[in-house]
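> Please find the sequence and the predicted model below.
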Amino acid sequence: MGETKRTFVAVEPTAAVRARFDEAQRLLRRAGADVRWVKSSHAHLTLKFLGESTSRQIGEISAALDKIAAGTEPFEVAFGGLGVFPDQRRPRVLWVGITSGVEQLKPLAAAIDARAVQAGFESERRTFSPHITLGRFRSPQGWPELSKLLAANASFDAGRMRAAEVSLIHSILSPQGPTYSALHVARFSAKG
């Protein structure tokens with residue numbers, strides 16, 4: 001099988017949008033909840049998690065992304081709203097939602113999933129729920145205070161950007177945190 005790389009496909013937010021994620025985190029950190037915060041430089045809108053990938057699969061999914069991107073027009077994505085997965089009783093992931101662009105992101109994610117299956121990856125079993133992860137709960141400590149801040153800022157505006165490409169990202173996990181690097185970028189080139 002040879003060496004593999006842990007990979008996923010994502011839309012990467014602009015620096016201006018990442019700055020808004022920083023603002024959301026500063027606001028929510030006031031609760032003192034036991035959350036492991038995601039660095040805004042690591043924030044991404046995941047379209048498909050691939051997992052361990054061989055060099056053959058990386059080549060196939062890169063070619064597939066190029067084909068999908070050639071048929072995709074750039075579109076606007078707006079980020080906003082704050083919430084948790086899976087629900088308020090058992091919060092595990094703290095997120096920023098997508099308020100515009102979902103109608104373009106869903107078919108894009110579905111097309112990538114279908115091509116990934118052809119390259120030997122498993123089909124996505126969960127319903128695609130586009131979001132940006134701000135943090136992951138380590139324990140329920142501080143949740144009551146944080147839930148009040150979330151309710152008070154439920155319509156938080158995290159900015160907007162023009163999505164013009166998707167990236168195949170290599171993820172290296174370490175005790176110091178993940179490191180991400182783009183293995184391939186496919187630019188949307190269809191014209192309406």
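Structure's in. What do you need? Numbering: from 1, shown residues only.
> Quick one: the strands in the protein, in order.
Here the chain has its strands, by DSSP state E, at 5-11, 35-37, 45-53, 75-85, 93-100, 131-137, 157-163, 165-172, 179-187.
> just so I know, which of those lies nearest Ala109?
Ala109 lies closest to strand 45-53 among the strands of the chain, at 4.4 Å (Cβ to Cβ). C-beta here means a position set from N, CA and C on the backbone, and glycine is covered the same way.
> buried stuff in the closest one?
The neighbour-count check on strand 45-53 (16 or more other Cβ atoms under 10 Å) flags Leu45, Thr46, Leu47, Lys48, Phe49, Leu50, Ser53 as buried.
> just to revisit the earlier point, reformat the strands of the chain as TSV; add distance to Leu149.
Shown next, in TSV, are the strands of the chain (distance: least, Cβ to Cβ, whole Å):
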stretch	distance to Leu149
strand 5-11	27
strand 35-37	12
strand 45-53	23
strand 75-85	8
strand 93-100	10
strand 131-137	12
strand 157-163	15
strand 165-172	29
strand 179-187	28
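> In space, what's closest to Tyr84 - neighbours in sequence excluded?
No Tyr there; residue 84 is Val. Nearest non-adjacent residue to Val84, counting by Cβ to Cβ, 6 or more residues apart in numbering: Pro91, 3.8 Å away.
> Just to check, that neighbour is in contact with Gln141?
No - here Pro91 does not reach Gln141: they are 11.5 Å apart, not a contact under Cβ atoms under 8 Å.
> Looking at these two, which is more packed in?
Neighbour totals were compared for Pro91 and Gln141, and Pro91 leads with 20 against 14 (other Cβ atoms under 10 Å).
> quick one, what contacts the more buried one?
Each residue near Pro91 by Cβ atoms under 8 Å, 6 or more residues apart in numbering is listed here: Val84, Phe85, Phe137, Pro140, Trp143, Ser147.
> In PyMOL, select just the buried ones from those.
Per 16+ other Cβ under 10 Å, the buried members of those correspond to this PyMOL selection:
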select buried, resi 84+137+143
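> Just the pLDDT at Gln104, thanks.
We have a pLDDT of 97 for Gln104.
> So it versus Phe75, what's the distance?
From Gln104 across to Phe75, the span is 4 Å (Cβ to Cβ, to the nearest Å).
> and for the two, which residues touch both?
Joint contacts of Gln104 and Phe75 (Cβ under 8 Å, 6+ apart) are Ala163.
> on that earlier part again, quick check: the two most widely separated of the contacts of Pro91?
Phe85 and Pro140 (14.6 Å).
> Which strand residues bridge the residue nearest to Leu134 when sequence neighbours are not counted?
Spatial nearest neighbour of Leu134, excluding adjacent residues (Cβ to Cβ, 6+ apart): Leu94 at 4.7 Å. Counting by DSSP bridges, Leu94 forms beta bridges with Val84, Gly135.
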